[in-house]
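> Kindly return the folded structure for what I paste below:
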Amino acid sequence: MTLRILQSHLSELGDAFLAGDFERYMACTVLPLEVRTRRATLWVEGELSLEEGFDCYFNEACAMGVERIERRAVSVTGVTNRCLFGRFASCWLRESAEVVLSYTAEITLETHRLGWKTSALGFRSEDTRWPLMPHKLMPGYA
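Numbering: from 1, shown residues only. Coordinates of the predicted model:
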């Protein structure tokens, strides 16, 4: 059941992103959003800052001709009364071919009145400031 919750949430995020629908994406996110990299813990404090990151990723995806993003729930690593902790794999595709290699990340969801929302993300990036650079998260990007 919890893996299904995580997968459903990841699908909603991906659909909102590919549609360029920031409002829908924002509705799936808790602010402040914690973003962890190998070198820093960053806090996305407000809607404008989240939108800056969304736009950065969206513009990168458009420039690469991305038609589909596959986000697959890999595992649920923990559950509390309010949170679900997990890992997911993501891949950006154009014409069914990987535009970049898959990458994995950690995600924390918090339960809210209207459902689950992302409250934290963890990447293997070396970035130390927001927005993270998409090409640094994706090992196959050239």
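> C91 is in contact with E67, correct?
No - applying CB atoms under 8 Å as the test, E67 and C91 come out as separate, 11.9 Å apart. Placement of C-beta: from N, CA and C, glycine included.
> Is F22 in contact with E51, as I believe?
Yes - the criterion here is CB under 8 Å, and F22 meets it with E51 at 5.6 Å.
> E67 and C91: who's more crowded?
C91 (18 against 14; other CB atoms under 10 Å).
> residue farthest from the centroid of this protein?
N81 (22.5 Å; CA atoms, centre = their mean).
> I'd assumed it was in a strand, is it?
No - counting by DSSP: H, G, I helix; E, B strand; the rest coil, N81 is not found in a strand; it is coil.
> and the gap between it and E110?
Taking CB to CB, to the nearest Å as the criterion, N81 is separated from E110 by 10 Å.
> Please enumerate the helices of this protein.
2-18, 22-26, 47-63, 134-137 (DSSP state H).
> Let me have those in JSON lines, extended by mean pLDDT, distance to A40 and mean neighbour count.
Listed next are those as JSON lines, based on pLDDT from 0 to 100; distance: least, CB to CB, whole Å; neighbours: other CB atoms under 10 Å:
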{"stretch": "helix 2-18", "mean pLDDT": "96", "distance to A40": "22", "mean neighbour count": "17"}
{"stretch": "helix 22-26", "mean pLDDT": "97", "distance to A40": "23", "mean neighbour count": "15"}
{"stretch": "helix 47-63", "mean pLDDT": "93", "distance to A40": "14", "mean neighbour count": "16"}
{"stretch": "helix 134-137", "mean pLDDT": "57", "distance to A40": "13", "mean neighbour count": "16"}
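> which one of these lies closest to T128?
Evaluated with CB to CB, the helices of the chain place helix 134-137 nearest to T128, the distance being 10.8 Å.
> Ends of stretch 15-27, what's the gap?
Start-to-end span of stretch 15-27 (CA to CA, to the nearest Å) is 13 Å.
> returning to what we had before: what residues do E67 and C91 have in common as contacts?
Counting by CB atoms under 8 Å, 6 or more residues apart in numbering, E67 and C91 have no common neighbour.
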